[in-house]
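J.: structure for the following, please:
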Amino acid sequence: MFTGLIEAIGHVDEPGASAPDRLSIATTLAGELRVGDSIAVSGVCLTVVEADRRSFSADVSAETRRVTTLGSLVSGQPVNLERPLRADARLGGHFVLGHVDAVGKIVAMTPEGDGQWLSVDVPERVTPFVIPKGSIAIDGISLTIAAIDRRRISVAIVPFTLAHTTLGTARAGDRVNLEGDVLGKYVVRLLAERSADAGLAAPAQER
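T.: Below you'll find the predicted structure:
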C-alpha cells in the first residue's frame, strides 16, 4: 500500500535491455531497495527483481503493459517512484494500492499563479470513483479533485509537486495512469449489490 507522496523521480534505462519484459529504472533510491521489495512506478505496483546502487529492475507483465502507460515508456523517460507505506509512518496523501484503473489523457496544463491547473479526461469506468474534493492518484501522485465536468477532472498543482514529480514536465496529450480512491470503490460496489438485491426481492408485477 502507498500514499501517493512521491519520493523520487527515476529515469528509464533502455526498456527490455536485460529481458523483454523487464523494466530497469535508474534512481537514487536503488541502494535502499532489496529483491522482493514492492515499489510504485508512476502509480503501478511492481516487485524488485534486481537492484544495485544505481538502478533496480522489475518484471512487467503483458497485461500491465497493455492497461497502463508502462508499455509505452522509452529510454530516459522520467517516472514517479514511491516505496510502500510503513506501519509506523504518518499517513499523508491517501491510500493508494498501485492497481491502475485506467489510462487518462492530459488535455491542458494551465498556469495559475506559481502553480498549474491540470485537466485530465478520464474513461467512463473511472467516473463513479471521482467526486469534488475527493482523492485520485494520477501517475501515482495523490491529488485532490477540484472540479468535474462530465468525464473531465481538474486539479490544482502546487509548485512543490511540479518540482518533485513528473508533472513538472507534463504536457497536453500525455497519457497518465489513474487510480480512484479505494474507499469510493467499496461504496460503489456495496450500493450496486444492494440495488441488485432489491430488484430480486421486488414482487412480480401483477398482470
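J.: can you map out the helices along the chain?
T.: Remark: helices assigned in the chain by DSSP state H are 62-67, 159-164, 182-201.
J.: mind giving me the domain ranges of this protein?
T.: What automatic domain parsing lists as the domains of the chain is 8-82, 102-191.
J.: could those domains go into JSON lines alongside mean neighbour count and mean pLDDT?
T.: (Each C-beta comes from the backbone N, C-alpha and C, glycine too.) Shown next, in JSON lines, are the domains of the chain (neighbours: other Cβ atoms under 10 Å; pLDDT from 0 to 100):
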{"stretch": "domain 8-82", "mean neighbour count": "18", "mean pLDDT": "94"}
{"stretch": "domain 102-191", "mean neighbour count": "17", "mean pLDDT": "94"}
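J.: of all those, which one is nearest Phe95?
T.: For the domains of the chain, the distance to Phe95 is smallest for domain 102-191, at 5.5 Å, taking Cβ to Cβ.
J.: how far does the lengthiest strand in the chain sit from the chain's center?
T.: Assignment by DSSP state E gives strand 102-112 as the longest strand of the chain. Put simply, strand 102-112 sits 14 Å off its chain's centre (Cα atoms, centre = their mean, to the nearest Å).
J.: likewise for stretch 62-73?
T.: For stretch 62-73, the distance to the chain centre is 13 Å (Cα atoms, centre = their mean).
J.: go on, stretch 173-189?
T.: Distance, centroid of stretch 173-189 to centroid of chain: 8 Å (Cα atoms, centre = their mean).
J.: ok, stretch 131-142 next?
T.: Worked out by Cα atoms, centre = their mean, stretch 131-142 lies 8 Å from the chain centre.
J.: can you give me the end-to-end span of that stretch?
T.: Length of stretch 131-142, first residue to last, Cα to Cα, to the nearest Å: 14 Å.
J.: who does Val41 bridge with?
T.: Beta-bridge partners of Val41, counted by DSSP bridges, are Val44, Leu81.
J.: ok, it to Phe160 distance?
T.: Distance of Val41 to Phe160, given as Cβ to Cβ, to the nearest Å: 21 Å.
J.: contacts only, for His94.
T.: His94 makes contact with 3-4, 135, 137, 142, 181, according to Cβ atoms under 8 Å, 6 or more residues apart in numbering.
J.: what bridges to the residue nearest to Gln77 when sequence neighbours are not counted?
T.: Nearest non-adjacent residue to Gln77, counting by Cβ to Cβ, 6 or more residues apart in numbering: Val12, 4.7 Å away. Taking DSSP bridges, one obtains Ile25 as the residues bridged to Val12.
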